[in-house]
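1. what's the 3D shape of this:
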Amino acid sequence: MKLKRLLSLIIAVILPFSAFSGCSGKNDITESDHLTAYFFDVGQADCSLLVFPDSTVMLIDAGNNPDGKPLTNYIKSLGIDHLDYVIGTHNHEDHIGGMDDVITAYSSAVDCIMLSEEEGTTATYRSVVEAADSSSAEQLTPKAGETYTLGDATWQILSCDTDMPDLNESSIVIKLTYGNTSFLFTGDATMNTEQGLEMSGYDLKSDVLKVGHHGSAGSTADSFLDAVAPEIAVISVDSESDMGEMYHHPATSTLQRLSQHGIKVYRTDELGTIRITSDGEKLAVSAFATSTDGT
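-> This is a model prediction of the structure:
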């Protein structure tokens, strides 16, 4: 994570607007009537943390290998001592790299872990599996269509197809609904995955879209944006990193499509960590620095 000065940006966005009981625990964080979604600045990688009004917590992805310890420190600095769900959308290092450190640090305080069924072959993947096996967490198998409850929110798996030829296309795609607001987390889903989602019959409409594959040209098709119709798009990216420059993330074509659809875009490479809060009716967006020592 990058060391940056605190940004003074605070932007309010006003929007008119078969379940499993799942895993649940308790944290010491102050309860409120808001859901808070953090999209951490982890460079050319992905990591989102959802903190619910009843203090239940979901972690989706965990950045690259070096992000594990700083990420754990920051999560603990929020007063979080329990993780209800830890989800790896797919088994690429920039999504599960820091997950072994997080799982190991919380160990008996992780309720449920969900990884893509597409097995990895890397040392990173093996480390995450070993950490999961050593923890007391229940290990869940993702299944498209399953809906879970977490506090007053619900979340549904919309895609997790391991028959796709590209590991990115097997990303676990999740729609989370809190009150009349909703978030869509797409991992590194490509246009092929998006096309399958469009044909699935699921309700894709969401207020917030975590843009697939760091804004790659091969994701975020016009038809998909029509189906999701988000007000806000978040891109987790480091445009100046070697990987960002090599793959041209975010792609100009993707940014143009988002602009043409009138979607407000927030980028971690420009703003740092992005925080979106929801009271179930309206959303508020802010951005701030995240330091490596969790302060």
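2. please count neighbours and contacts with C-alpha atoms only from this point.
-> Noted.
3. all helices of this structure, in order?
-> In the chain, the segments counted as helices under DSSP state H are 68-77, 93-96, 99-106, 123-134, 191-200, 222-228, 242-247, 252-260, 268-271.
4. need these in a markdown table with distance to S216, mean pLDDT and mean neighbour count, can you?
-> Listed next are the helices of the chain as a markdown table, based on distance: least, CA to CA, whole Å; pLDDT from 0 to 100; neighbours: other CA atoms under 10 Å:
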| stretch | distance to S216 | mean pLDDT | mean neighbour count |
| --- | --- | --- | --- |
| helix 68-77 | 24 | 95 | 20 |
| helix 93-96 | 14 | 95 | 24 |
| helix 99-106 | 23 | 97 | 24 |
| helix 123-134 | 23 | 96 | 18 |
| helix 191-200 | 10 | 96 | 16 |
| helix 222-228 | 13 | 98 | 16 |
| helix 242-247 | 8 | 56 | 14 |
| helix 252-260 | 7 | 97 | 15 |
| helix 268-271 | 15 | 94 | 18 |
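5. closest to L50 out of those helices?
-> helix 68-77 (10.8 Å; CA to CA).
6. now the closest one - C-alpha only, PDB.
-> Taking Å, rounded to 0.1, in the frame of the first residue of the first chain, the C-alpha atoms of helix 68-77 are listed here in PDB:
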ATOM      1  CA  GLY A  68      -0.700  -9.100   3.400                       C
ATOM      2  CA  LYS A  69       0.900  -7.700   6.500                       C
ATOM      3  CA  PRO A  70       0.000  -4.000   5.900                       C
ATOM      4  CA  LEU A  71      -3.500  -5.000   5.000                       C
ATOM      5  CA  THR A  72      -3.900  -7.000   8.200                       C
ATOM      6  CA  ASN A  73      -2.500  -4.200  10.300                       C
ATOM      7  CA  TYR A  74      -5.000  -1.700   8.700                       C
ATOM      8  CA  ILE A  75      -7.900  -4.000   9.200                       C
ATOM      9  CA  LYS A  76      -7.000  -4.500  12.800                       C
ATOM     10  CA  SER A  77      -6.600  -0.700  13.200                       C
END
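7. I'd like to know how far L167 sits from T124.
-> 15 Å (CA to CA, to the nearest Å).
8. same check on H92?
-> Look at H92 and T124: by CA to CA, they are 8 Å apart.
9. do S236 as well
-> Distance, S236 to T124, using CA to CA: 20 Å.
10. ok, back up a step: any chance of the helices of the chain in JSON lines, with distance to D84 too?
-> What follows is the helices of the chain, written out as JSON lines (distance: least, CA to CA, whole Å):
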{"stretch": "helix 68-77", "distance to D84": "13"}
{"stretch": "helix 93-96", "distance to D84": "17"}
{"stretch": "helix 99-106", "distance to D84": "11"}
{"stretch": "helix 123-134", "distance to D84": "14"}
{"stretch": "helix 191-200", "distance to D84": "27"}
{"stretch": "helix 222-228", "distance to D84": "27"}
{"stretch": "helix 242-247", "distance to D84": "32"}
{"stretch": "helix 252-260", "distance to D84": "33"}
{"stretch": "helix 268-271", "distance to D84": "25"}
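11. who wins for proximity to N180 among the ones you listed?
-> From these, taking CA to CA, the stretch that ends up closest is helix 222-228, at 14.7 Å.
12. contact partners of the closest one?
-> 194-195, 198, 204-207, 209, 257-258, 261 (CA atoms under 8 Å, 6 or more residues apart in numbering).
13. one more pass at 6 Å, please.
-> 204-206 (CA atoms under 6 Å, 6 or more residues apart in numbering).
14. same deal with stretch 167-187?
-> Residues contacting stretch 167-187 (CA under 6 Å, 6+ apart): 17, 89-90, 153-162, 188-190, 193, 206-210, 212, 280-281.
15. I'd like the mean pLDDT over that stretch, please.
-> On average, the pLDDT along stretch 167-187 is 95.
16. how about that stretch: buried residues?
-> Neighbour counts over stretch 167-187 (16 or more other CA atoms under 10 Å) mark 167-178, 181-187 as buried.
17. which residues does the spatially most central residue of the chain bridge with?
-> Centroid-nearest residue in the chain, with CA atoms, centre = their mean: S48, separated by 3.8 Å. According to DSSP bridges, the residues that bridge with S48 are F39, I60.
18. is it true that it touches M58?
-> No - counting by CA atoms under 6 Å, S48 sits too far from M58 to count as a contact (8.3 Å).
19. if we can go back for a sec, from T181, how far off is the residue nearest to the centre of the chain?
-> 17 Å.
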